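Q: predicted model, plus sequence, below.
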Amino acid sequence: MDLFAEQREERRLNAAPLAARMRPRSLDDVAGQRHLLDPDASFRALVTSGNPVSMILWGPPGTGKTTLARLVAKYADAHFVQLSATSAGVKDVREVLAIAQQRIDNDQGRTLLFIDEIHRFSKSQQDALLPGVEDGTVVLVGATTENPFFEVNAPLISRATLFQTKPLTPDEVGGLLDRAVADSSRGLGGVAPLSPDGRSVLSERVGGDARLALTTLDVAAKIATHRGTAIDEAAVTEALQRRIVRYDKTGDRHYDMISAYIKSMRGSDPDAAMYWLSTMVTAGEDPKFLARRLIVFASEDIGLADSRALTVAIDCFAAVERVGYPECEFALAHATLFLALAPKSNSVKTAMASAKDLVESSPAAEVPPHLRNAALPGLAALGHGVDYIYPHAAKGSIVAQSYLPPEIASSIVYRPRAQGAEQRHADWLKQVDGVLGKPPRPMGDES
């Protein structure tokens, strides 16, 4: 037995960053994740049983995935082996499996293989894990910030249990900060008090990331000690620099945030729309992607209620193309506010759907003779264009003739809404429909 191992471990711990020093040593020390760690939670039962199963931990950075993996190994008295998917290859995986098998053969205990960012493993690397996971050579714990159903091979998912970690609440982060400030053996040991305003700002601005909270606290404490002040809002703000936006342009949060952005504009909430826009811009979202979404939104959700919306959106895209970040943020904000504040109508979208349904449900219709092309010599003799009445020759430019095949002549596709400028279109259509002999046109607002 190495009598000096404990001393070496203590020296390494003292040299480690605050986040590493404060790493929980038991499930009861873990901040947050109550859905996993409450007494009746299935995750806690699996861990404390000492006989864990392979699992995938899915959640944002700083939510304790690595810590939980280490605790799984500790409660199971298993050897903890860590590989990073960004640097390890198939050869590394096979070496770990071979050593793990030797431990089992020599009655030296089980091996827990922790793979950070497992979503970055290629298919061949993930396939190399399958035999060892399936026969129990290793207990696999994979950590990922991406949706595993999209990023992890189905055979591997089927052999593991999925647990989701969640961002810490501000209160949970605050409790973690209090312990770190007060802990004299692993934490800051009271070198500087944490002021209420510093605690509040730091708890709120780290986005539920425990590691970021402790790292920022460590830097803020050094700043405060140098100045001879408490760890106050000024020290925290300087240490944090700016809020770190949790966003991945190819992951779930990308789609969740663009959904929130569109729904906020659709709901006519300019404050929420600007918040989500700013979040995505701060995270470095492609401005052309945002501008394209605005163009679609202008027709899909505003349409004829204010046709200027489409012009504004197209102008926004042109501005984005010409100036880029950061100046194009003004155009994006301008268009976002205009579209959020504009009257809303989805009549363009519903008319498109109704027209498609009509095409699919009706027989292949022939173009009525009077609407056919009669530009070429001889076509008129075939009846093309005969009896067509030129509307501009009539009063009001409306004439009593049908523009649909006879079998669907009474069909209504466009249902106007009483929103903004579209009300004028609805009023005008009442006159047009009367001349064309169409049935009463229902409004889009009617259920």
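A: Happy to help now that I have it. Numbers count the residues shown, from 1 in each chain.
Q: in stretch 72-80, what's buried?
A: Residues Val72, Ala73, Lys74, Tyr75, Ala76, Ala78, His79, Phe80 are the ones in stretch 72-80 that count as buried (16 or more other Cβ atoms under 10 Å). Using the backbone N, CA and C atoms, a C-beta is placed for each residue, glycine as well.
Q: SS state for the residue in the chain sticking out farthest from the centre?
A: Here the chain reaches farthest from its C-alpha mean at Ala381, the gap being 62.2 Å by Cα atoms, centre = their mean. Assigned with DSSP: H, G, I helix; E, B strand; the rest coil, Ala381 falls in the helix class.
Q: farthest-separated two in the buried residues of stretch 72-80?
A: Across the buried residues of stretch 72-80, the longest distance by Cβ to Cβ is 13.4 Å; it joins Tyr75 and His79.
Q: just to revisit the earlier point, filter the buried residues of stretch 72-80 down to the ones in strands?
A: His79, Phe80 (DSSP state E).
Q: any chance of the buried residues of stretch 72-80 in JSON lines, with distance to Glu285 too?
A: Shown next, in JSON lines, are the buried residues of stretch 72-80 (distance: Cβ to Cβ, whole Å):
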{"residue": "Val72", "distance to Glu285": "36"}
{"residue": "Ala73", "distance to Glu285": "38"}
{"residue": "Lys74", "distance to Glu285": "40"}
{"residue": "Tyr75", "distance to Glu285": "41"}
{"residue": "Ala76", "distance to Glu285": "42"}
{"residue": "Ala78", "distance to Glu285": "42"}
{"residue": "His79", "distance to Glu285": "42"}
{"residue": "Phe80", "distance to Glu285": "38"}
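Q: Ala180: neighbouring residues, count only.
A: For Ala180, the neighbour count with other Cβ atoms under 10 Å is 23.
Q: can you check Ala128 too?
A: Residues within reach of Ala128, counting by other Cβ under 10 Å, total 19.
Q: same question, Leu57
A: By the criterion of other Cβ under 10 Å, Leu57 has 29 neighbours.
Q: and Trp428, by the same measure?
A: 12.
Q: does it belong to a helix, a strand or coil?
A: Secondary structure assignment for Trp428 (three-state DSSP): helix.
Q: okay, it and Asn346: tell me how far apart.
A: For Trp428, the distance to Asn346 equals 20 Å [Cβ to Cβ, to the nearest Å].
Q: can you give me the strands in the stretch 301-447 of the chain?
A: In the stretch 301-447 of the chain, no strands are found when defined by DSSP state E, counting those that start in this stretch.
Q: that one: helices as residue ranges?
A: Counting by DSSP state H, counting those that start in this stretch, one finds helices in the stretch 301-447 of the chain at the ranges 308-323, 328-341, 347-361, 422-436.
Q: and among those helices, the most buried is which?
A: helix 328-341 (a mean of 20; mean count of other Cβ atoms under 10 Å).
Q: residues contacting that helix, please?
A: 264-265, 268-270, 273-274, 277, 281, 287, 290-291, 294, 297-298, 301-302, 309, 312-313, 315-316, 319-320, 323 (Cβ atoms under 8 Å, 6 or more residues apart in numbering).
Q: same question for stretch 31-38.
A: Outside stretch 31-38, the residues within contact range by Cβ under 8 Å, 6+ apart are 24, 27-28, 30, 41, 43-44, 63-64, 68, 163, 165-169, 172-173, 175-176, 208, 210.
Q: closest one to Gly59 among the helices of the stretch 301-447 of the chain?
A: The nearest among those, by Cβ to Cβ, is helix 328-341 at 30.0 Å.
Q: shaky segments in this protein?
A: Where the chain drops to pLDDT under 70, the residues are 1-15, 242-253, 446-447.
Q: domain assignment for it?
A: Following automatic domain parsing, one gets these domains for the chain: 33-164, 170-240, 252-341.
Q: the longest one: how far from the chain's middle?
A: The one in question is domain 33-164. Chain-centre distance of domain 33-164: 25 Å, with Cα atoms, centre = their mean, to the nearest Å.
Q: residue ranges for the strands of the stretch 101-250 of the chain, please.
A: Counting by DSSP E, counting those that start in this stretch, the strands of the stretch 101-250 of the chain are 111-116, 138-144, 161-164.
Q: out of those, nearest to Val432?
A: The minimum distance between Val432 and the strands of the stretch 101-250 of the chain falls on strand 161-164, with 55.7 Å, by Cβ to Cβ.
Q: need the longest helix for this structure.
A: Counting residues, the longest helix in the chain under DSSP state H turns out to be helix 210-227.
Q: spit out the contact partners of Pro367.
A: Quick fix: residue 367 reads Val, not Pro. Neighbours of Val367 in contact, by Cβ under 8 Å, 6+ apart: Pro405.
Q: with Arg159 instead?
A: Arg159 is in contact with Ser54, Leu130, Val133, Glu134, Leu140, counting by Cβ under 8 Å, 6+ apart.
Q: which one of the domains of the chain lies nearest to Ala409?
A: Ala409 lies closest, by Cβ to Cβ, to one member of these: domain 252-341, at 23.7 Å.
Q: quick one: the closest one to chain centroid distance?
A: 17 Å.
Q: could the domains of the chain be laid out in JSON lines, adding distance to Tyr414?
A: Output for those, formatted as JSON lines (distance: least, Cβ to Cβ, whole Å):
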{"stretch": "domain 33-164", "distance to Tyr414": "39"}
{"stretch": "domain 170-240", "distance to Tyr414": "45"}
{"stretch": "domain 252-341", "distance to Tyr414": "9"}
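Q: closest one to Val435 among these?
A: Comparing the domains of the chain by Cβ to Cβ, domain 252-341 comes nearest, at 20.6 Å.
Q: so for stretch 50-65, what gets flagged as buried?
A: Residues of stretch 50-65 classed as buried by neighbour count (16+ other Cβ under 10 Å): 52, 54-65.
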